[in-house]
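Engineer: predicted model and sequence follow; I will ask about them next.
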Amino acid sequence: ILVRLYLRGDSVDIDEELALEWYRKGAAAGDDEAAFFYGWMLEVGKGTEKNPKQAIKWYRVAAESGHTQAQEYLGRFYLRGDGIPRDGTEGIRWLTTAAENGSTEAMMSLGATFLHGIGVIKNPEEGFRWYQRAAEAGSPDGESKLAELLLQGAGVEANKAEAVAWCKKAAEHGHAFAQG
């Protein structure tokens, strides 16, 4: 809790360097949440210079401990090749692990990865399936994207009635694009 207070300036002055130090201590002690946030601070340069290689190291520590968001971030690093060699297989492996742990963000990333062939062979049908999983898991972004793909017939046969139904769900869940 203390470290988040220093990051937000909640009842204390904002001190990103001190927050970074507390996360480092927690990460070194084996706390996967601290390892994830320490990695995030290293990635974005909060309280320190940006350091993608060290960020990856701590994301991996957290990911291997089962931290879903770290698994997702690590997968994206591999797909981008940011700070490490680009490796589509490893990226897909980590994103799939996160998706199987319930991350709709990872499902969305997998959808985009396959739909557009980012670091992997383009596979619109597989991309559609991942967006569908995100939508069925209740992601408003997934619902909206699924509606768009159904309208376009991307990765699946076009189905306007089904597209409208998913667009309505997204709008009901507050998705601004679907409402517009």
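Structural biologist: Looks like it arrived, so ask away. Bear in mind the structure is a predicted one, so any value in this text is a computation, not a measurement.
Engineer: got a list of what residue 35 touches?
Structural biologist: 26, 27, 58, 59, 61, 62, 65, 67, 70 (C-beta atoms under 8 Å, 6 or more residues apart in numbering). C-beta here means a position set from N, CA and C on the backbone, and glycine is covered the same way.
Engineer: buried set for the helix or strand it falls within?
Structural biologist: Secondary structure assignment for residue 35, by DSSP states H and E: helix 32-44. Residues 32, 33, 34, 35, 36, 37, 38, 39, 40, 41, 42, 43 are the ones in helix 32-44 that count as buried (16 or more other C-beta atoms under 10 Å).
Engineer: with stretch 11-29 instead?
Structural biologist: So stretch 11-29, judged by 16+ other C-beta under 10 Å, has buried residues 15, 18, 19, 20, 21, 22, 23, 24, 26, 27.
Engineer: what does it contact?
Structural biologist: Taking C-beta under 8 Å, 6+ apart as the rule, stretch 11-29 contacts 2-8, 33-35, 37-39, 41, 46-48, 58, 61-62.
Engineer: circling back: which of the contacts of residue 35 fall within helices?
Structural biologist: Among these, DSSP state H puts 26, 27, 58, 59, 61, 62, 70 in helices.
Engineer: show me the contact partners of the helix or strand of the chain with the lowest mean pLDDT.
Structural biologist: Every helix and strand of the chain was ranked by mean pLDDT, DSSP states H and E. The lowest is helix 2-8, at a mean of 70. Applying C-beta under 8 Å, 6+ apart, the contact partners of helix 2-8 are 10-12, 14-16, 18-19, 22-23, 26, 34, 37, 46.
Engineer: same thing with stretch 148-161?
Structural biologist: By C-beta under 8 Å, 6+ apart, the list of residues contacting stretch 148-161 reads 115, 124, 125, 126, 127, 128, 129, 131, 162, 163, 166.
Engineer: ok, the first one - contacts?
Structural biologist: Put plainly, it is residue 115. 122, 123, 124, 127, 128, 131, 149, 154, 155.
Engineer: so who does the closest residue to the second one other than its chain neighbours touch?
Structural biologist: Okay, so that is residue 123. Using C-beta to C-beta, 6 or more residues apart in numbering and skipping residues adjacent in sequence, the residue nearest residue 123 is residue 114, 4.6 Å away. By C-beta under 8 Å, 6+ apart, the contact set of residue 114 is 120, 122, 123, 124, 126, 127, 130.
Engineer: contact partners for the first one?
Structural biologist: Taking C-beta under 8 Å, 6+ apart, we find residue 120 in contact with 88, 91, 92, 113, 114.
Engineer: three-state assignment of it?
Structural biologist: coil (DSSP: H, G, I helix; E, B strand; the rest coil).
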